[in-house]
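> my questions are about this predicted structure, shown below with the sequence.
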Amino acid sequence: MVTEATNVVGGKLETCCTSPMTGYYRDGKCNTGGGDFGVHTVCAQLTEEFLQFTKSKGNDLSTPVPEFNFPGLKPGDCWCLCASRWKEAMDAGVAPPVVLAATHALTLEYVSLDELKQHAADL
């Protein structure tokens, strides 16, 4: 039996974004599983500062990659980010806002609920 994933505030994991389609499983949700070594569990509303930060760390999310059906992201898009990269961005002062209802509970193994709430887009 498959159980519904929960979010960081204890409710049902909500959809993060379907345009562009996000999530490790490209199902619009920040679900995770055994193959998701990056732990793509944080639903974030991207900012220019974050996009530049992650590009400087070697992960260019702005440039389209058509062969992987990746449209390239822009400020305002929501996307399931790696929990550790979001934490790294938070520590650097450039964390994008988080949609708590769409952020997977596993994220709490990387950052605290208080830290997430400080950056919440949906409070």
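Everything's here; your move.
> CA atoms for contacts and neighbours, from now on please.
Noted.
> for residue 12, see how far away residue 31 is.
11 Å (Cα to Cα, to the nearest Å).
> overlap in contacts, those two.
residue 5 (Cα atoms under 8 Å, 6 or more residues apart in numbering).
> so residue 94 makes contact with residue 52?
No: taking contacts as Cα atoms under 8 Å, residue 94 lies outside contact range of residue 52: 9.5 Å.
> so between the two, which is more surrounded?
Legend: neighbour count by other Cα atoms under 10 Å for residue 94 and residue 52, higher for residue 94 (19 against 15).
> and that one, what are its phi and psi?
Here is the backbone geometry of residue 94 (degrees, to the nearest 10): phi -130, psi 30.
> burial of residue 101, as a residue count?
23.
> same thing with residue 93?
11.
> secondary structure class for it?
coil (DSSP: H, G, I helix; E, B strand; the rest coil).
> distance check, it against residue 86.
10 Å.
> now residue 34
Residue 34 is 20 Å from residue 86, where distance means Cα to Cα.
> more neighbours, those two?
Legend: neighbour count by other Cα under 10 Å for residue 34 and residue 86, higher for residue 86 (28 against 6).
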